Structure formats: structure tokens, C-alpha cells
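Asker: From the sequence below, what's the structure:
(one chain, ligands or ions: 2)
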Amino acid sequence: MSSGTGSGVAVARSAISQRLNDYYELCKPRVVLLIVFTAMVGMFLATPGMVPIDALLFGTLGIGLMAASAAAVNQMLDRKADGRMARTRGRPLVTGHLDMGQSVRFALAIGVAGMLVLLFMVNALTAWLTLVTLIGYAGVYTVYLKRATPQNIVIGGAAGAAPPVLGWAAVTGTVDADALILFLIIFIWTPPHFWALAIERHREYAEVDIPMLPVTHGLEYTRTQVLLYTVLLFLVSLLPFASGMSGPLYLVSAIGLSGWFLVYAVRLKYWPKPGLAMRTFGYSILYLMAIFTALLVDHYVPVVFGS
Ligand code: HEM
Ligand SMILES: CC(C)=CCC/C(C)=C/CC/C(C)=C/COP(=O)(O)OP(=O)(O)O
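Answerer: Ligands and ions are numbered 1, 2, ... in the order given. The predicted structure is shown next:
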């Protein structure tokens, strides 16, 4: 009897942890983590000293909750197409681990919670800009742009690029030119980030009739666009130094990181081989993490070393 009860408890525990994992996956956690990181870097760069702790904690929480809600809405709206692509077939709404009712309630709960945290614990500008970002990604991109034009991810990339501006607004209550430079880095990074993956997965996108660039314009043209955007990214990544926002430590890191991205893009264009597009995609993620880390470290080096 006691072993029966014990195994009952174990079964219940594993069901709960499975359910928590399903909600976790509904939020695209790894993407949201990087989004939250770029928002936090925006907060740190907005001020010469330490970020006020309430802006840091509540700003991060609110932006994170709303980004997770946007990702959940994206999965709800895309569940049919997701079910037809190998890459997305394991998502909880496709496997049936979560149903629409549970997902709607969850997305609404965390979205409203995030909005309230930003409105009442941070400031109105951050709250409304974050709501516009959520609608931009979950509504405009997912519902309309994604199926309307191969420039979908270029225009929709504005939502993914917004978080450092949101972080900046959380601390200062304003948006200024330096925040827009951070926006520009992610905005120009998005096409090579996504099109590298889309080159690898072009057949899946064609099968579900989503007009991603490699489907509508072919692989060769997409590789050219990846290269052009990566050249542009190299230049844009120098702007924090050129504007005086960041110092030489950042400059050296940006040249190294962007230069290496260019090596990937040139190889992809002129010497493509199996697996290279996916490695370029993988590098794009490492790149964004590293360049925002470089911005952060550079910002605090004078503080730590007292210069
Ligand atoms: C419109 C803009 C964007 C598009 C279309 C896009 C598209 C994608 C796609 C399709 C994946 C593959 C997911 C998978 O197969 O698991 C992915 C992965 C990823 N993206 Fe993006 N992305 C965009 C913007 C961003 C932004 C702004 C960030 C972060 C700041 C980001 C961070 C990541 C990360 C970390 C992954 C890896 C996720 C994982 O390993 O599960 N992306 N992106
Ligand atoms: C602060 C805030 C509200 C931010 C929201 C912005 C946000 C969550 C951007 C994510 C970008 C992204 C993962 C796009 C891929 O969608 P997809 O549908 O093309 O990719 P998929 O096929 O993997 O689902």
C-alpha cells in the first residue's frame, strides 16, 4: 500500500514537472532569455552608475513576462504551420500537451501581469512601448507579415530589436539616440540571423507556403542578402564607439566579432557547403550575446578601474 502511494506521488510529481515544462517551452525560453539580456544591457548603458534596483528588477520582470506572452501567442496562432514542420513539431500545442484554453489563459495572465508591473512599478512609457512591441510581434508579424512578404522578418525584426530601448526607457523614462543605436544593431542582425536558418530549412517553409526569402528568391539571392546585411552590421556595430557611448575595449570586440561574422557570410556566399548555414545561424546567437556583453563590460571598466 505504502509503495503504491509512493509511486502515485512520483507519477503526480512527474506530471506536474511535465506540465511546467510545457508552459516553459510555450514561452520560447532561450529567445526570451537573450531578449531580456539585451533589455538589461539597455538599462545598464542608460546610466553611468548602478541602475536603480527597482527599475532593474521590475523592468526585467515586466519585459520578460510580456516577451514570454508574445512568444506564447505566436505559438497559438502558428500551431497549424508548426505541426507541419519538423523543427517545430515538438511544441506543446502541436503535441497536445497543452490545449488552446490553457495557452490563452496562461498568455493572458503573464501578459497582463507584465503590463501591470511595468505600469505601476516602472513607468508608463516602458509599459506602452512594450505593449506595442508585443502587438508588433504576436499580431503584426505572426498574423500578417509572416505570410505576406519575404521582407517579413526585416520589418518584424523591429519588435525583436526593441528590448534595449525598453530597458533604456525603464531607467530614464525617455528614449534617446544611444538607445536607438542598440536597436539598430539587433535590427540589422536579424536578417543574417534568420535567413541563415531559413536557407537550411527552406524546404519546410515552402511546404507550409510561408514566403521566406529563400523560398521566393532562391538560395543564391538569400546568401547575397546575408552577406550585405552582415557588411552593414559590421558598420553599425561601430556606432557605439563612433557616438562616444562605448570605448576602445568595445571597439576591439566589435571588430573581432563582426569580422568573424563576415567570414561566415563570405564563406556562405562563395564557398557554401552542407551545415555551414546552420553554423552561421549558431554563430549569430553567440554574436549577439557577445557584443551586448562587450557593451556592458566596456561600460563598467572605467567604473571598476576608477578612470
Ligand atoms: C523577427 C525576428 C526574428 C526571427 C524571425 C527569428 C527567428 C528564429 C528562429 C526561426 C529560430 C529557430 C528556433 C528553433 O528552431 O529552435 C530562432 C532561434 C533563436 N533566436 Fe531568433 N529570431 C528573431 C529575433 C531574435 C531576437 C531579437 C533574439 C534575441 C535577442 C533571438 C534569439 C534567438 C535565440 C537565442 C535562438 C535559439 C533558440 C533555441 O535554441 O531554442 N531571435 N530565431
Ligand atoms: C518585449 C517583447 C514583447 C518582445 C517580443 C519580441 C519577441 C518575442 C521576438 C521574438 C522573435 C522571434 C523568435 C521570431 C521568430 O518567430 P517565428 O514565428 O518566425 O519563428 P518560429 O517558426 O520558430 O515560431
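
Asker: and the stretch 201-307 of the chain, which residues reach ligand 1?
Answerer: Applying CB under 6 Å from any ligand atom, one finds that the stretch 201-307 of the chain approaches ligand 1 through 285, 288. Using the backbone N, CA and C atoms, a C-beta is placed for each residue, glycine as well.

Asker: Run through the stretch 201-307 of the chain and note the low-pLDDT ranges.
Answerer: 306-307 (pLDDT under 70).

Asker: Tally up the residues packed near residue 209, please.
Answerer: 10 (other CB atoms under 10 Å).

Asker: mind checking how far it is from ligand 2?
Answerer: According to CB to the nearest ligand atom, to the nearest Å, residue 209 stands 14 Å off from ligand 2.

Asker: Surely residue 35 is in contact with residue 163?
Answerer: Yes - with contact defined as CB atoms under 8 Å, residue 35 counts as touching residue 163 (4.9 Å).

Asker: who touches both of these two?
Answerer: Residues touching both residue 35 and residue 163 (CB atoms under 8 Å, 6 or more residues apart in numbering): 63, 67.

Asker: so, in contact with ligand 2 or not, stretch 24-44?
Answerer: Yes - counting by CB under 6 Å from any ligand atom, contacts between stretch 24-44 and ligand 2 involve 28, 31, 35.

Asker: Now do the buried residues in that stretch.
Answerer: Within stretch 24-44, the residues scored as buried using 16 or more other CB atoms under 10 Å are 25-28, 32, 34-44.

Asker: dump the residue contacts of the nearest residue to residue 186 once chain neighbours are set aside.
Answerer: Spatial nearest neighbour of residue 186, chain neighbours left out: residue 161 (3.7 Å); criterion: CB to CB, 6 or more residues apart in numbering. Residue 161 sits next to 183-187, 190 when contact means CB under 8 Å, 6+ apart.

Asker: likewise residue 293?
Answerer: Listed by CB under 8 Å, 6+ apart, the contact set of residue 293 reads residue 41.

Asker: Now do the strand or helix carrying it: distance to the chain's middle.
Answerer: Using DSSP states H and E, residue 293 falls within helix 276-305. Chain-centre distance of helix 276-305: 14 Å, with CA atoms, centre = their mean, to the nearest Å.

Asker: Would that helix count as contacting ligand 2?
Answerer: No - Helix 276-305 lies out of reach of ligand 2 by CB under 6 Å from any ligand atom, never closer than 11.2 Å.

Asker: Need the pLDDT of the residue of the chain found nearest ligand 1.
Answerer: Proximity to ligand 1, evaluated over the chain using CB to the nearest ligand atom, is greatest for residue 160 at 2.7 Å. pLDDT recorded at residue 160 is 98.

Asker: what sits against it?
Answerer: Neighbouring residues of residue 160 by CB under 8 Å, 6+ apart: 35, 137, 186, 190.

Asker: got the contact list for residue 98?
Answerer: Applying CB under 8 Å, 6+ apart, the residues near residue 98 are 22-23, 26, 92, 106.

Asker: could those residues be laid out in CSV, adding distance to residue 55 and pLDDT?
Answerer: Output for those, formatted as CSV (distance: CB to CB, whole Å; pLDDT from 0 to 100):
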residue, distance to residue 55, pLDDT
22, 32, 97
23, 27, 98
26, 28, 98
92, 33, 97
106, 27, 98
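
Asker: I'd like to know which of those are buried.
Answerer: Buried among the contacts of residue 98 by 16+ other CB under 10 Å: 22-23, 26, 92, 106.

Asker: Out of the contacts of residue 161, grab the one that's most surrounded.
Answerer: Neighbour-wise, the contacts of residue 161 (other CB under 10 Å) top out at residue 186, 25 neighbours.

Asker: helices or strands up against the helix or strand containing it?
Answerer: Assigned by DSSP H and E, residue 186 falls within helix 177-200. Judged by 3 or more CB pairs under 8 Å, 6 or more residues apart in numbering; DSSP states H and E, helix 177-200 is in contact with helix 29-45, helix 152-161, helix 163-172, helix 213-236, helix 239-242, helix 248-270, helix 276-305.
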